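Asks: A predicted structure for the sequence below; I have some questions about it.
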Amino acid sequence: MYGSKIVLAATLLALGSSGSAISQESSSKQGLPEACKAAQGMDMKGMATMPDLSSMSGMDAQHQELMAAMMGMMRPEAMQGMMAKDPDVAFVCGMIVHHQGAIEMANAELKNGDNKWAKETAQKIIDAQTREIADMTKWLTENAK
């Protein structure tokens, strides 16, 4: 049931469907390092916005939250850092965005899940990827040109 909605959302995104942008409160709290925001490369302004997942009938708020976290990695502002001319900077910026998405998904599991193992795994992901984001942000501060 939800699988087909996920495929539909991914397809709409890939086809460049326009819709309202999904709120990504966790990403905005964490934010991207300046080196990723200032990356010079491809102009991302013309990219389509994210599909409005709230309009998908049958998808409850908990699944919308998981989907928003996953799809948030594809927002133009999140992808800007991956367009950096320096491939090392592009890689690190992309990984930061990827890790932020994983943390957002894990937070959604902690908020909405009820399985002990899944919640413990979510917390381990948050802990590990928060440390890795700190390491990558430090690397950008020291190495991004």
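Replies: Received the coordinates, thanks. Numbers count the residues shown, from 1 in each chain.

Asks: alpha carbons only for contacts and neighbour counts from here, please
Replies: Noted.

Asks: packing partners of the longest helix seen in the chain?
Replies: Longest helix in the chain by number of residues (criterion: DSSP state H): helix 116-143. Helices and strands touching helix 116-143, by 3 or more CA pairs under 8 Å, 6 or more residues apart in numbering; DSSP states H and E, are helix 87-112.

Asks: can you give me the buried ones in the helix it packs on?
Replies: Neighbour-count burial for helix 87-112 flags 89-90, 92-110 (criterion: 16 or more other CA atoms under 10 Å).

Asks: before we move on, back to that, the longest helix of the chain - what's its average pLDDT?
Replies: Averaged over helix 116-143, pLDDT sits at 97.

Asks: over to stretch 92-112?
Replies: Mean pLDDT, stretch 92-112: 93.

Asks: export that stretch as PDB, just CAs?
Replies: Only the C-alpha atoms of stretch 92-112 are listed here, as PDB (Å, rounded to 0.1, in the frame of the first residue of the first chain):
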ATOM      1  CA  VAL A  92      31.500  15.600   1.800                       C
ATOM      2  CA  CYS A  93      28.600  18.100   1.300                       C
ATOM      3  CA  GLY A  94      26.500  15.300  -0.300                       C
ATOM      4  CA  MET A  95      27.300  13.000   2.600                       C
ATOM      5  CA  ILE A  96      26.300  15.600   5.200                       C
ATOM      6  CA  VAL A  97      22.900  16.000   3.500                       C
ATOM      7  CA  HIS A  98      22.600  12.200   3.300                       C
ATOM      8  CA  HIS A  99      23.400  11.800   7.000                       C
ATOM      9  CA  GLN A 100      20.900  14.600   7.900                       C
ATOM     10  CA  GLY A 101      18.200  12.700   6.000                       C
ATOM     11  CA  ALA A 102      19.000   9.500   7.900                       C
ATOM     12  CA  ILE A 103      18.900  11.400  11.200                       C
ATOM     13  CA  GLU A 104      15.500  12.900  10.300                       C
ATOM     14  CA  MET A 105      14.200   9.400   9.400                       C
ATOM     15  CA  ALA A 106      15.600   8.100  12.700                       C
ATOM     16  CA  ASN A 107      13.900  10.900  14.600                       C
ATOM     17  CA  ALA A 108      10.600  10.000  12.900                       C
ATOM     18  CA  GLU A 109      11.100   6.400  14.100                       C
ATOM     19  CA  LEU A 110      11.700   7.600  17.600                       C
ATOM     20  CA  LYS A 111       8.600   9.700  17.500                       C
ATOM     21  CA  ASN A 112       6.300   7.300  15.800                       C
END
